[in-house]
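*Asks:* Pasting the sequence and the predicted model now:
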Amino acid sequence: MKIQGNSTTDYCLATFPISNGPAQGPSTTQPSRTFCLPAITLSNMSEPSSLVRLIGESNLDDWERCLEAELDNFDISDHIFGEIEEPNVEDEEDHKKWRMARAKAYKMLLSTLRDENIVTTLKVNGWDDKKKDPKYLFNLVLSCIGRVTSEARSEVLAEFLSIKRASFDSMHAFLHRYTILRKRTITDAKFNIDDDLETNLLYNATKAHYPVDAKMWQQAIEAKTVTVNYLMAKLSDIGNTEKRMGTNLTIQVKTTGNSNSNKDDKGGRTRNEKIACTSCDKKIWPTQKHFPCGHHIKKTADVCWACQPELAPDTWKSKKEMMAKKAEASASTALAGTTATNTANPASSSALLFHGGAFLCGISKQSFQ
């Protein structure tokens, strides 16, 4: 017996025997119960999905064609392949239908993007997975997939092998170009580049700009515990941090690492940045130290050239000037001492004048001993 249900479902009555254990006696009659079940018809049987999982350029056309056909089957293809304006929020019924259709289109599209390489490519190209917009995601997929002609194979390979982080303003820009070249070289142009080679290629392209991280990556590469996808994920994290901070981590790493030749050994500051002296209130370079005479000299020096220019190497540009100043100062001191002691000790006046003249000629006192 067929019973009319709602507008989309019919029901039928079905009778099933109920067993209470082995039959007792010769009677074969068993109790039964009738159930009301949905009728199975062609209209409510779900057809197998024709969606195709995207794996790259090789099946991009099939993926797009099957996706559009499946969306058409539910009359929601315009949410990706067409234009549908959002209804007025005040019209609750229409707005709810629009939201549900949009969400279904997004879900169907997302179900085709499960390949690890595709997901990695989308992420390094700035995929915002919180943005549940099917058209946005579809356009992002197409923008990340490029085509390469047979004539351009050598040019694509050359650019892929020579790409460097230094050629781009940000890590995101570098990764965007790298993933495009990677797909065109390996997937489209069919060059056979194994994982170890590509890992070293990516490492060499970025190590100069991120020396601190590069040391850890190098150890992992030597231990063969790192893959291309792992390294790209780490670089993507750096790119996201740069974007969030509004700065370039290249600069931060260079001013904090120890591999840069333009750094102080301990302070981590560049040599173009002065610091406060711990013994006085003056600003000094990170390569200098406070000396007992009050001057600031190189940390590796053990004598103040300004006070003892005669001990300075001849390559010091200020040596002659400082020698002349010292001689002049010594002569002035000697003459002043002569005037003060002439009356009390005439004999000593000649000695002071003699030594004062010796300093004027740049001759040290030791030469006369």
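*Replies:* Done, it's in.
*Asks:* May I ask which helix or strand encompasses N204?
*Replies:* Under the criterion DSSP states H and E, the helix or strand holding N204 is helix 195-206.
*Asks:* Return the mean pLDDT over that helix, rounded to an integer.
*Replies:* The pLDDT scores in helix 195-206 average 92.
*Asks:* Looking at the very next helix or strand once past it now, give me its mean pLDDT.
*Replies:* As assigned by DSSP H and E, the chain's next helix or strand after helix 195-206 is helix 211-222. Taken as a whole, helix 211-222 carries a mean pLDDT of 89.
*Asks:* got it, and stretch 172-189?
*Replies:* For stretch 172-189, the mean pLDDT works out to 84.
*Asks:* Name the surrounding residues that touch it.
*Replies:* 56-58, 120-121, 124-126, 144-148, 153, 156-157, 159-160, 163, 165, 167-168, 191, 193, 198, 202, 205-206, 232, 235-236, 239, 242-243 (C-beta atoms under 8 Å, 6 or more residues apart in numbering). Glycine gets a C-beta too; all of them are placed from N, C-alpha and C.
*Asks:* All the helices of the stretch 201-350 of the chain, in order from the start?
*Replies:* 211-222, 228-245, 249-256, 319-341, 346-360 (DSSP state H, counting those that start in this stretch).
*Asks:* which residue ranges form the strands in this protein?
*Replies:* Using DSSP state E, the strands of the chain run over residues 2-4, 10-17, 32-38, 275-276, 283-284, 288-290, 296-298.
*Asks:* By mean pLDDT, show me the worst of those.
*Replies:* Across the strands of the chain, the lowest-scoring stretch is strand 2-4, with a mean of 44.
*Asks:* Next one, pLDDT for the closest residue to E116 other than its chain neighbours please.
*Replies:* Distance criterion C-beta to C-beta, 6 or more residues apart in numbering; nearest residue to E116, sequence neighbours excluded, is N229 at 6.7 Å. Per-residue confidence for N229 comes out at a pLDDT of 89.
*Asks:* Over to A336?
*Replies:* So A336 comes in at 57 (pLDDT).
*Asks:* circling back to that earlier point, restricted to helices, list the contacts of stretch 172-189.
*Replies:* Counting by DSSP state H, those place 120-121, 124, 144, 153, 156-157, 159-160, 198, 202, 205-206, 232, 235-236, 239, 242-243 in helices.
*Asks:* thought K132 was touching K104?
*Replies:* No: with contact defined as C-beta atoms under 8 Å, K132 does not reach K104; the gap is 11.1 Å.
*Asks:* quick one on the thing from earlier: show me which of the contacts of stretch 172-189 are buried.
*Replies:* 56, 120-121, 124-125, 144-145, 148, 153, 156-157, 160, 163, 165, 168, 198, 202, 205-206, 232, 235-236, 239, 242 (16 or more other C-beta atoms under 10 Å).
*Asks:* Contacts for stretch 154-167, please.
*Replies:* 148, 171, 174, 177-178, 181-182, 184-185, 189, 191, 201, 205-206, 208-210, 250.
*Asks:* swap in stretch 233-243?
*Replies:* 120, 123-124, 170-172, 174-175, 202, 206, 210, 213, 217, 248-249.
*Asks:* got it, and stretch 297-308?
*Replies:* The contact list for stretch 297-308 (C-beta under 8 Å, 6+ apart) reads 287-289, 291, 293, 295, 311-312, 316, 318-319, 322.
*Asks:* Can you select the buried ones from these in ChimeraX?
*Replies:* The ChimeraX selection below is limited to those of these classed as buried (16+ other C-beta under 10 Å):
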select :288,289,291,312,319,322
